[in-house]
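Peer 1: model the structure of this input:
(2 chains)
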There are 2 protein chains.
Amino acid sequence: MTIRVEQAAIIGVGLLGASLGLALKQRGLAGHIVGVGRSHESLGTALKRGAIDDAALNVSEGVSEADLICIATPAGAVTATLDAVIAASPAHAVVFDVASTKKNICDHARTHCPLPRRFAGCHPMAGSEKSGPAHAFPNLYAGATCLVERDDTIAPDARDQVCALWRAVGSRVVDIDPAGHDVLLAATSHAPHVAAAILARIASDSGATGDFIGNGFRDVTRVAASRAELWRDICMENREALCYSLGEMRRQIALVESLLTSGNTVALEEFFEAAADARRRITEL
Amino acid sequence: MTIRVEQAAIIGVGLLGASLGLALKQRGLAGHIVGVGRSHESLGTALKRGAIDDAALNVSEGVSEADLICIATPAGAVTATLDAVIAASPAHAVVFDVASTKKNICDHARTHCPLPRRFAGCHPMAGSEKSGPAHAFPNLYAGATCLVERDDTIAPDARDQVCALWRAVGSRVVDIDPAGHDVLLAATSHAPHVAAAILARIASDSGATGDFIGNGFRDVTRVAASRAELWRDICMENREALCYSLGEMRRQIALVESLLTSGNTVALEEFFEAAADARRRITEL
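Peer 2: I've put the predicted structure just below:
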């Protein structure tokens, strides 16, 4: 299946939205792209970069003639944006988002979209600690995995178009259940992000200078440099699963403390060995 | 000050030891290098790579004619190795280590070496999650910071030689106090390592496959792939300071959980902003 739309709208022209615009343009997948944003500055940058052809400051104006609509706002704004999109877009328009959480968003879509719905929740596993249209690039999604909601309330032709779009920009599509997605992502992404933030704070509070920082620290804490607003939303949206993973972190930290205090070198080595095996297993799966 | 020794001994021909051997060879800093190791296999690899000229299976044999001796064993074996080195090496020999912890090792040196001592504790901020002589390379220390113990029980000419050696292989020398070093490294390296190990375990236990793994996870957990034996020793050697940092982690995780549970989005965003600022500050210092 190939895809080519007359008019696309991208709501939120940050790293993800503007990179999608560049990818659509570069591959000739969209005739005209309208960007919708909150600030003249980011819209101006997206226009200058060629990620969008036209700019709008509100959703209803931006989506009124769109065939394909990408909601690329922070996670906390997706459901309200989706409501505005449904109210103002043509009935045939295909809609998707790119947020890192899926359960709340897809639950909302299931109950607020006309059925069969033409919205499918998406989570492309691509991104960076850098944000904004200035850092966008057309190959952000090339070689990435895109997790796409599978649900029988979604119109098959709409979902097929969303999947075709992701494949057209170079991604591999994997079907997901939104609730299961959020539980897994709490463990693989959201809890690691919180941990990285805490580690950056503890290191800074220790009074250490750059002399005491190695590549390990830089890697472990890289994601702590991400935009606070985005991660505030992601964590709040997925608070239940995230709290479970964070509680598990606290329990395992306490376990390590008890091994250290009791001098249990054998169990401590086994702990690290199991972690190295776990990382090998999951990154090879 | 330039440095060039007739005979060097490197005890432990893993990544750090073998890379030092390659650096000394490449730069013509040592006439003959004897490697001391526990296994024929790693010694054979180090010989084949050209990191050492000769191999010995015990310390006394390896150091008997050495002018410069590097102890590159796991942290937990450094003090016993130092005792063996002092018993068997020429009185003029200069000795240093490369372990990631310094207080226990330098305390031991202060009380067990003839004074003024010719041992200086060192911690080159270089390394990788990969281990063993097969991964060694001559520029591991180029551009790195090497933290070198400053203490008035060290013979100035011996310490000068150690510092000259690090500069000769491309490192920048920074003076440290061993106890202060361990407190800072607990925060910047040892606690992050424990956290990375726990995050790898939690992600694996969640049942996630590679489809649900992004670059963030790979970076945050990269150091969890390190050799378990090395990190067992580092954590045990620095258990007091490490337990303090781990307790602080648990407290901050509990704080984030309370922000999530109470829906305090403002404080959560401030938390992430402070973390991004902290990381920027410390990596720029």
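
Peer 1: can I take it that residue A:137 is in a strand?
Peer 2: No: assessed with DSSP: H, G, I helix; E, B strand; the rest coil, residue A:137 is coil; it does not lie in a strand.

Peer 1: in the stretch 151-285 of chain A, which spans are strands?
Peer 2: Assigned by DSSP state E, counting those that start in this stretch, the strands in the stretch 151-285 of chain A fall at A:172-176.

Peer 1: dump the residue contacts of the residue lying closest to residue A:77 once chain neighbours are set aside.
Peer 2: Distances taken as Cβ to Cβ, 6 or more residues apart in numbering or on different chains put residue A:233 closest to residue A:77, at 7.5 Å, once the chain neighbours are dropped. The C-beta positions use only the backbone N, C-alpha and C, and glycine is treated the same way. Counting by Cβ atoms under 8 Å, 6 or more residues apart in numbering or on different chains, residue A:233 touches A:74-77, A:99, A:101.

Peer 1: can we see that at 6 Å?
Peer 2: Contacts for residue A:233 (Cβ atoms under 6 Å, 6 or more residues apart in numbering or on different chains) come out as A:74-76.

Peer 1: what's the closest of those residues to chain B?
Peer 2: residue A:76 (7.9 Å; Cβ to the nearest Cβ).

Peer 1: most neighbours of all the contacts of residue A:233, which one?
Peer 2: Neighbour counts for the contacts of residue A:233, by other Cβ atoms under 10 Å in any protein chain shown, peak at residue A:75, which reaches 25 neighbours.

Peer 1: what score does that one have for pLDDT?
Peer 2: pLDDT for residue A:75: 95.

Peer 1: excluding its backbone neighbours, what's nearest the spatially most central residue of chain A?
Peer 2: Centroid check for chain A by Cα atoms, centre = their mean gives residue A:100 as the closest residue, at 3.4 Å. Nearest in space to residue A:100, with sequence neighbours left out and distances taken as Cβ to Cβ, 6+ apart, is residue A:234 at 4.8 Å.

Peer 1: how near is the one you found to chain B?
Peer 2: 10 Å (Cβ to the nearest Cβ, to the nearest Å).

Peer 1: surely the residue nearest to the centre of chain A meets residue A:236?
Peer 2: No: between residue A:100 and residue A:236 there is no contact under Cβ atoms under 6 Å: 11.7 Å.

Peer 1: ok, so of the contacts of residue A:233, who is nearest residue B:2?
Peer 2: residue A:74 (57.3 Å; Cβ to Cβ).

Peer 1: next, the buried residues of stretch A:83-96.
Peer 2: Judged by neighbour count (16 or more other Cβ atoms under 10 Å in any protein chain shown), stretch A:83-96 contains these buried residues: A:84-86, A:88-89, A:93-96.

Peer 1: what's the mean pLDDT across it?
Peer 2: 98.

Peer 1: so what touches that stretch?
Peer 2: Residues outside stretch A:83-96 that contact it (Cβ under 6 Å, 6+ apart) are A:59-60, A:63-64, A:66-69, A:118-120, A:122, A:158, A:161-162.

Peer 1: among those residues, name the ones in helices.
Peer 2: A:59-60, A:63, A:158, A:161-162 (DSSP state H).

Peer 1: now the helices for chain A?
Peer 2: A:15-26, A:40-49, A:59-63, A:78-88, A:103-112, A:156-168, A:178-185, A:191-205, A:215-221, A:228-237, A:239-261, A:265-284.

Peer 1: near chain B, which residues of the stretch 1-150 of chain A?
Peer 2: Selection of the stretch 1-150 of chain A residues close to chain B by Cβ under 6 Å from any Cβ of the partner chain yields A:125, A:145.

Peer 1: ok, what's across the strand from the closest residue to residue A:123 other than its chain neighbours?
Peer 2: Leaving aside its chain neighbours, residue A:123 sits nearest to residue A:147 (4.4 Å; criterion: Cβ to Cβ, 6+ apart). According to DSSP bridges, the residues that bridge with residue A:147 are residue A:123, residue A:174.

Peer 1: residue A:147 contacts residue A:173, doesn't it?
Peer 2: No: if you go by Cβ under 6 Å, residue A:147 and residue A:173 don't touch, sitting 8.1 Å apart.

Peer 1: so which of those two has more stuff around it?
Peer 2: Shown here are residue A:147 and residue A:173; by other Cβ under 10 Å, residue A:147 has more neighbours (25 against 18).

Peer 1: roughly how far does the nearest residue to residue A:158 once chain neighbours are set aside sit from residue A:85?
Peer 2: Of all residues not flanking residue A:158 in the chain, residue A:118 sits nearest, at 4.0 Å (Cβ to Cβ, 6+ apart). Computed with Cβ to Cβ, to the nearest Å, the distance linking residue A:118 and residue A:85 is 10 Å.

Peer 1: can you check residue A:264 too?
Peer 2: Taking Cβ to Cβ, one finds residue A:264 at 56 Å from residue A:85.

Peer 1: with residue A:229 instead?
Peer 2: In this view, residue A:229 and residue A:85 are 21 Å apart by Cβ to Cβ.

Peer 1: what's the answer for residue A:18, then?
Peer 2: 19 Å.

Peer 1: please name the nearest non-neighbouring residue to residue A:254.
Peer 2: Counting by Cβ to Cβ, 6+ apart, residue B:250 is the residue found nearest to residue A:254 once chain neighbours are left out, at 6.6 Å.

Peer 1: give me the neighbour count for the one you found.
Peer 2: Count around residue B:250 with other Cβ under 10 Å applied: 17.

Peer 1: ok, now residue A:262?
Peer 2: Counted by other Cβ under 10 Å, the residues lying close to residue A:262 total 11.

Peer 1: swap in residue A:58?
Peer 2: Neighbours of residue A:58 under the rule other Cβ under 10 Å: 13.

Peer 1: repeat for the one 4 residues further on
Peer 2: Neighbour count of residue A:62, defined by other Cβ under 10 Å: 25.

Peer 1: isn't it right up against residue A:56?
Peer 2: Yes: Residue A:62 is within contact range of residue A:56, at 3.6 Å (criterion: Cβ under 6 Å).

Peer 1: what touches both of these two?
Peer 2: Taking Cβ under 6 Å, 6+ apart as the contact rule, the neighbours common to residue A:62 and residue A:56 are A:34, A:36.

Peer 1: I'd say the residue nearest to residue A:100 and residue A:75 touch.
Peer 2: Yes: at 5.1 Å, residue A:234 and residue A:75 qualify as touching, with contact defined as Cβ under 6 Å.

Peer 1: now list whatever residues contact both of those two.
Peer 2: residue A:101.

Peer 1: pLDDT below threshold where in the stretch 101-250 of chain A?
Peer 2: Applying pLDDT under 70 to the stretch 101-250 of chain A picks out no residues at all.

Peer 1: could you redo the last one with a cut-off of 90?
Peer 2: Flagging of the stretch 101-250 of chain A using pLDDT under 90 yields the residue ranges A:127-130.
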